[in-house]
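**Q** Coordinates only, no sequence provided:
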C-alpha cells in the first residue's frame, strides 16, 4: 500500500523525535500559538479536523489559528512562511498534496518549529508524527459494500465510475486502489466507467463530472465519490438525468446530510473517517513534542463503513468523532 511504503521511508530518515525538535518545551516556544495549515475549510472534513485540534490545544492554554490554503500549494507555502516568521510554537499540516509538503517541512525544520502531519502524508521531509486513517481498508470496505449492493440488484456486470480526490496525494492513491480491490473481491465483474480527479472539491464540480460519466456510460450502475460534500453533487446529477434508483452511490467521509441519505438508501455506504478524533490526536501529538516528549511516529484512526443497517447503532459515536457534534 502506498501509504505504508512512504512510512517505511520516513521511519528511517525523517522522524524528529530525538533528533533536535523532540526536545522543544512549551516554555521554550517563541509563542503560545499553534497553527493548522489546512487544504480548504470549505470542505467539512477539514473543518471537523480543525475543531478537534482547536479543542485540544486550547485546553492546554495555547492560542489556535486555522489557515485556509484554498487547495493551493502556493497559498499553503505562504501561510507556512507567515506562521514561521511569527515564531509559532508548532504547526499541524494537512498538505494540499504529498509532493508539495516537503517544502513546508523544510522551512519549519530550518526554523526549529515542530510539525505534525494530520492526514494526506508527504513524499519526504521531517515531522514529529503522522496521524492518518487506513484509507486503503476504508475504501476497500466501501468497494465490497457497493459490490454486494450491485449484486442484489443483478447489476454486477454494469460499469462503476470514480470521482477521486487528487491522485497526487498518498491517501487518494490508497482510496482508489482499496475501492477497486474491494469492488472485485465483493463480486463485481463489470468495467470501470472512468476516473475524474477533483480540483475545487465542490458539489458543482462533481455534478458536472457525474453528468459526463452518465452520458458516456449508459450502463453505469455505480459511482464512488472519494469525499463528503461533492457526493451531494453526484446525487443531484443522477436526479437531473432521471436516473434515480438506477445508479448506486458510495461515498467517503461524512457530513450531517449523510445520515438521512443513508437511512433512505440514496447513499449505499460511506466510509467515514473520524476527522474530529484525528484532530484531537494531531493536537495531542504536537503537545507531547512541545512538552519534551516523544509521540508515536504513526497514529492510525479507524474508518467506519456506515450503511443503512448500522447507522442507528453507530450514530452516537460518529456524532462526535465524525461530525464534531454538529448532528
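**A** Looks like it came in fine. Note that the structure is a prediction, hence the values are computed from the model and not measured. Numbers count the residues shown, from 1 in each chain.

**Q** Verify the contact between residue 233 and residue 211 for me.
**A** No - counting by Cβ atoms under 8 Å, residue 211 is not a contact partner of residue 233; they are 9.6 Å apart. Bear in mind the C-beta positions are built from the backbone N, C-alpha and C, glycine included.

**Q** Tell me which of these two has more neighbours.
**A** More neighbours surround residue 233 than the other of residue 233 and residue 211, with 21 against 17 (other Cβ atoms under 10 Å).

**Q** what residues are up against that one?
**A** Residues in contact with residue 233 (Cβ atoms under 8 Å, 6 or more residues apart in numbering) are 202-208, 210.

**Q** which among those end up buried?
**A** Neighbour counting by 16 or more other Cβ atoms under 10 Å classes 202-203, 205-207, 210 among the contacts of residue 233 as buried.

**Q** quick one: which of the residues you listed is nearest residue 318?
**A** Closest approach between those and residue 318, by Cβ to Cβ: residue 203, at 21.2 Å.

**Q** ok, the closest one - contacts?
**A** With contact set as Cβ under 8 Å, 6+ apart, residue 203 has these partners: 229-233, 236.

**Q** what comes up buried for the helix or strand residue 53 falls within?
**A** In this structure, residue 53 is located in helix 44-58 according to DSSP states H and E. By 16+ other Cβ under 10 Å, the buried positions in helix 44-58 come out as 44-54, 56-57.

**Q** any idea how far residue 37 is from residue 50?
**A** Relative to residue 50, residue 37 is positioned 10 Å away (Cβ to Cβ, to the nearest Å).

**Q** Revised request: answer the last question for residue 265.
**A** Per Cβ to Cβ, residue 265 is found 31 Å from residue 50.

**Q** repeat for residue 241
**A** Taking Cβ to Cβ, one finds residue 241 at 35 Å from residue 50.

**Q** What lies in contact with the helix or strand hosting residue 141?
**A** Per DSSP H and E, residue 141 falls inside helix 135-153. Residues outside helix 135-153 that contact it (Cβ under 8 Å, 6+ apart) are 1, 3, 156, 158, 160, 171, 174-188, 221-222, 224, 226, 248, 250-252, 268-271, 273, 303, 305, 307.

**Q** again with stretch 95-106
**A** For stretch 95-106, contacts defined as Cβ under 8 Å, 6+ apart pick out 6, 37, 39, 69, 71-73, 76-77, 80, 91, 93, 115, 117, 120-127, 166, 168-170.

**Q** Show the buried residues in those.
**A** 6, 37, 39, 69, 71, 73, 76-77, 80, 91, 93, 115, 117, 120-123, 125-127, 166, 168-170.

**Q** quick one: which of those sit in strands?
**A** Assigned to strands by DSSP state E, the following of the buried ones among the contacts of stretch 95-106 qualify: 37, 91, 93, 115, 117.

**Q** so what's the third one bridging to?
**A** It stands for residue 93. residue 37, residue 117 (DSSP bridges).

**Q** Is it possible to get TSV of the buried residues of helix 44-58 that adds distance to residue 217 and pLDDT?
**A** Formatted as TSV, the buried residues of helix 44-58 follow (distance: Cβ to Cβ, whole Å; pLDDT from 0 to 100):
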residue	distance to residue 217	pLDDT
44	29	91
45	28	93
46	31	96
47	33	96
48	33	96
49	34	97
50	37	98
51	38	98
52	39	98
53	41	98
54	43	98
56	45	98
57	47	98
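
**Q** all strands for the protein, in order.
**A** Remark: strands assigned in the chain by DSSP E are 33-38, 63-68, 90-93, 115-118, 129-133, 159-164, 191-197, 220-225, 248-252, 267-272, 298-301, 304-307.

**Q** name the helices or strands packed onto the third one?
**A** Going back to what we said before, that points to strand 90-93. strand 33-38, helix 73-86, helix 101-111, strand 115-118, helix 275-290 (3 or more Cβ pairs under 8 Å, 6 or more residues apart in numbering; DSSP states H and E).

**Q** Show me where the stretch 101-250 of the chain dips below the pLDDT cut-off.
**A** Applying pLDDT under 70 to the stretch 101-250 of the chain picks out no residues at all.

**Q** Apply 90 and report the result again.
**A** Counting by pLDDT under 90, the ranges of the stretch 101-250 of the chain that qualify are 169-170.

**Q** who's in contact with the closest residue to residue 284 other than its chain neighbours?
**A** The shortest distance from residue 284 to any non-neighbouring residue, by Cβ to Cβ, 6 or more residues apart in numbering, is to residue 56 (5.8 Å). Residue 56 is in contact with 279-280, 282-284, 287, counting by Cβ under 8 Å, 6+ apart.

**Q** For those, pick the one with the most neighbours.
**A** Neighbour max across those (other Cβ under 10 Å) = residue 282, 33 neighbours.

**Q** Surely that one is in contact with residue 51?
**A** No - counting by Cβ under 8 Å, residue 282 sits too far from residue 51 to count as a contact (11.5 Å).

**Q** returning to what we had before: mind putting the ones in strands among the buried ones among the contacts of stretch 95-106 in CSV, distance to residue 197 included?
**A** Shown next, in CSV, are these (distance: Cβ to Cβ, whole Å):
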residue, distance to residue 197
37, 22
91, 27
93, 21
115, 27
117, 22
